[in-house]
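K.L.:
structure for the following, please:
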Amino acid sequence: MKLLNTIHSPADLRKLKKSELPELAQEVRAFIIDIVSAKEGHLGASLGVVELTIALHYIFDTPTDKLIWDVGHQAYGHKILTGRKEKFDTNRQLGGISGFPKRNESTYDDFGTGHSSTSISAILGMAIASKLKGALQKQHIAVIGDASIASGMAFEGLNHLGVTHTNVLIILNDNTIGIDPSVGALKKYLTNVKKGIAKDENIFECLNLTYSGPVDGHNIDILIAELERLKSVPGPKLLHVITTKGKGLQKAEENQVAYHAPGKFDKNTGELIHKATLQKEPPKYQDVFGHTLVELAKKNQKIIGITPAMPTGSSLKYMMEEIPDRAFDVGIAEQHAVTMAAGMVAEGLVPFCTVYSTFLQRAYDQVIHDVALQGLPVIFCLDRAGLVGQDGATHHGVFDIAFLRCIPNLIVFCPLNESELRNIMYTAQLGLKNPIAIRYPRGRGVTLDWRTNFEKINIGTAKEIKKGTKIAILSVGHIGNRISEIIEQAAFTKEIGHYDMRFVKPLDTDMLNTVFKKYESIITVEDGCKKGGFGTAVLEYASEMNFKNTIKILGIDDTFVEHGTVEELYKIVGLDDESIKKQIENLLKQ
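P.N.:
Okay, here's the model as predicted:
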C-alpha cells in the first residue's frame, strides 16, 4: 500500500505520476477486498469502478468540481481516496461511516444517494446554480449505471439536461447489471452500441448530449485522456464507459449477483464464508412469499408477479424460473410497476407487485391515483418493512404504515408469521374489492414447518393471542413474536393480554371495543414510525369513541434512524426486549 498510504485527499492523488496510477488501482482494489471480506458491505460495484474513480479525482478539482455517484453502491473507492481510508473499517457499522455518499460526512460527498436515478437531476440543479452564480468554469459530473439510467427519473433529467447549456458530464457506467442483471430495451440498445450494430442514430445524441465512447473503463490512460478532453467540451455530454462488476476478484466477476453484497468471504480465494448453523432455521419471509406465489399461481392462471429490479431480493425469481411468461422484472421503475399492475387488474388479472418498502415511496402518486382512487385490487407485497440494518436511513422501511393508512380504499396488513403471510396472499387472490398492502420484514420468520394449508382470513379481523387482566399489548407484524416471548418470560405474565391486530386498516373495532372495556392500559407496538402509524390509528379511534384508557405507543420516533445492526438499532429506538419490558413494568407500577 505504498502509494495508497500517501493519499489523504484527492490533492495528494494529483501529485502522483500518471504511470503510477495503475499500481494505485491495484492497491485500492486490494484495500476494498481486505476490509469488505471481514466487515461486509457492497463489493462488486465498487471493485468495478476503481480505475474510473481514480481518473475522475485525478482530472477534476474535487470538491470544487462536483461529483455525484448514483445510488452509491460503487462509492467505496471514492470514500477511501477522500480522507476516509483510516476509518473505512467502520463502514456501515453503528457510529461509523455510511455505506452510501452522505453530505454531512464529507465535503467530497456532494449529494446523498441511496435510491437510484437521482444523480442527473441533482447534478443539473448544481450546474444551473453554478451558472447563475457566475462559476462558469466549475465542472459537474454524475456517474450512473446502465440499470439506473433506464429509470423514469433519470430520463426526466436527461430530457431537461439536453436543452440546457450547462457544463455537465454524465458518466454512463455500463456493466449490464444493477443488483440483478439489467433488463429492457435500453439494455439491448447499449449492447448493440458495444457490438457496433446499433442503429445510426444515437439515443443520447438525439437528446442533444455530446456522446463519446464506449471506452474501456479499466484502462486508466484512456480514461484520463478522454476526461481531460471532455473538460473543454462545452454543454451537456455523456461518456459511455464499459466496466466489469467485481473486477479483480474472480469469484465476484463470475457470480455478480451474489457478490453485490456477499457478506464475509475469504479475501484470498473469494470463497464465501457461510455462517454455521447447528439446527434448521425458519425461512426468510421473502422466500415464503416467493414459493407461496408459485404455489398459488399454478392453481390460479390469472396471477401475475411484478418486481422493479429486485427478482433475487424479493424472491420473485422462483416464479420467473417456473412460470416465466407471467413474472416480470420491469427494471428500476417503481412507478411503472404499480401502474402496469393497475392496468392488469383492469383487464381481470391478479397481479402481486412486490416492492421493497423503502422503494414504494417512489411510486406514491401511482398507488393513490392509479390504484386506490380507481378501486383496483392490486396486491402489494412490501418486503424489507421495518428497520433493515446496515443500509441505514435510505433503506429502512419505517414510513409505509403511516403513508399508506391515510389512503382511502387501501387495506394494510402486517402478518405475524409465515402462516399469516401465506393466508393473506391466498385470501387476496380469491378476489378482493380493494387493493391491499402486505408488509413483512427482512430476515427469517419463526416457523420450521411453514408450508401449512391455506385458510381464508376475514378482512379487518384481529386475533387474541393471550388473555390478561391489566394491560393489553396490541402488536402488528413480526414484532409480535417477540412480545409473546417477553410476556412468557416475565413475572407479570398473568396481568398482560396480547392481541395480534394484523390489520392496520381496517382496524378490528369490535376487538378494540372489547380491549378498551377490559383493560386499564393499552400498549401498541409497531416497527414503524409513531407519527401516523398503527398506534396513532388506535389513539384516533379511542378519541372518537371517548375511551379514557392510558395508551402508550411504542415505535420509532420522529427521526431518521442511521445504520447499524438491527439489534443495535432496535435498542436505540427502544424496541428491544429490555426496553419493552421496562415500559410494561412502568405501566404496572402506575
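K.L.:
just the CA trace of stretch 221-234, in CSV.
P.N.:
The C-alpha trace of stretch 221-234 is given here as CSV (Å, rounded to 0.1, in the frame of the first residue of the first chain):
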residue,chain,number,x,y,z
ASP,A,221,-4.7,6.1,-19.7
ILE,A,222,-7.7,6.1,-22.0
LEU,A,223,-10.0,7.3,-19.2
ILE,A,224,-7.7,10.2,-18.3
ALA,A,225,-7.2,11.3,-21.9
GLU,A,226,-10.9,11.3,-22.6
LEU,A,227,-11.9,13.0,-19.3
GLU,A,228,-9.2,15.7,-20.0
ARG,A,229,-10.6,16.2,-23.5
LEU,A,230,-14.2,16.5,-22.2
LYS,A,231,-13.3,19.2,-19.7
SER,A,232,-13.1,21.6,-22.6
VAL,A,233,-16.2,20.4,-24.5
PRO,A,234,-19.0,22.9,-23.8
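K.L.:
in that stretch, what's buried?
P.N.:
223-224, 226-227, 230 (16 or more other Cβ atoms under 10 Å). C-beta coordinates here come from the backbone N, C-alpha and C atoms, glycine included.
K.L.:
I'd like those as a markdown table, with distance to Gln366 appended.
P.N.:
Formatted as a markdown table, these follow (distance: Cβ to Cβ, whole Å):
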| residue | distance to Gln366 |
| --- | --- |
| Leu223 | 39 |
| Ile224 | 43 |
| Glu226 | 39 |
| Leu227 | 38 |
| Leu230 | 37 |
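K.L.:
which one of the residues you listed sits closest to Glu420?
P.N.:
Leu223 (52.7 Å; Cβ to Cβ).
K.L.:
redo the buried residues of stretch 221-234 as a markdown table? Include distance to Thr536 and secondary structure.
P.N.:
As requested, these are exported to a markdown table (distance: Cβ to Cβ, whole Å; DSSP: H, G, I helix; E, B strand; the rest coil):
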| residue | distance to Thr536 | secondary structure |
| --- | --- | --- |
| Leu223 | 53 | helix |
| Ile224 | 56 | helix |
| Glu226 | 55 | helix |
| Leu227 | 52 | helix |
| Leu230 | 52 | helix |
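K.L.:
next secondary structure element downstream of the longest helix along the chain?
P.N.:
Assignment by DSSP state H gives helix 21-39 as the longest helix of the chain. Note on helix 21-39: by DSSP states H and E, the next helix or strand toward the C-terminus is helix 44-48.
K.L.:
over that next one, what's the mean pLDDT, rounded is fine.
P.N.:
The average pLDDT for helix 44-48 rounds to 94.
K.L.:
can you give me the buried ones in it?
P.N.:
Buried, per 16+ other Cβ under 10 Å, within helix 44-48: 44-48.
K.L.:
other residues contacting it?
P.N.:
29, 32-33, 36, 71, 73-77, 145, 173, 175, 217, 243-249, 252, 256, 259-260, 262 (Cβ atoms under 8 Å, 6 or more residues apart in numbering).
K.L.:
so which of the residues you listed are in helices?
P.N.:
29, 32-33, 36, 76-77, 252.
K.L.:
which of those residues are buried? Put it as a PyMOL command.
P.N.:
The PyMOL selection below is limited to those of the ones in helices among the contacts of helix 44-48 classed as buried (16+ other Cβ under 10 Å):
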select buried, resi 29+32+33+36+76+77+252
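K.L.:
which of the ones in helices among the contacts of helix 44-48 sit farthest apart?
P.N.:
Gly77 and Ala252 (14.5 Å).
K.L.:
got the CA positions of stretch 499-513 in PDB?
P.N.:
The C-alpha atoms that make up stretch 499-513 are tabulated as PDB, following Å, rounded to 0.1, in the frame of the first residue of the first chain:
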ATOM      1  CA  TYR A 499     -53.500  -9.200  20.600                       C
ATOM      2  CA  ASP A 500     -52.200  -9.700  17.100                       C
ATOM      3  CA  MET A 501     -54.100  -6.900  15.400                       C
ATOM      4  CA  ARG A 502     -52.800  -7.800  11.900                       C
ATOM      5  CA  PHE A 503     -54.900  -5.200  10.100                       C
ATOM      6  CA  VAL A 504     -53.700  -1.600  10.400                       C
ATOM      7  CA  LYS A 505     -56.600  -0.700   8.100                       C
ATOM      8  CA  PRO A 506     -59.400  -1.500   8.500                       C
ATOM      9  CA  LEU A 507     -59.000  -1.800  12.300                       C
ATOM     10  CA  ASP A 508     -60.900  -4.500  14.100                       C
ATOM     11  CA  THR A 509     -63.000  -2.100  16.000                       C
ATOM     12  CA  ASP A 510     -65.000  -4.900  17.700                       C
ATOM     13  CA  MET A 511     -61.800  -6.300  19.200                       C
ATOM     14  CA  LEU A 512     -60.700  -2.700  20.200                       C
ATOM     15  CA  ASN A 513     -64.000  -2.100  21.900                       C
END
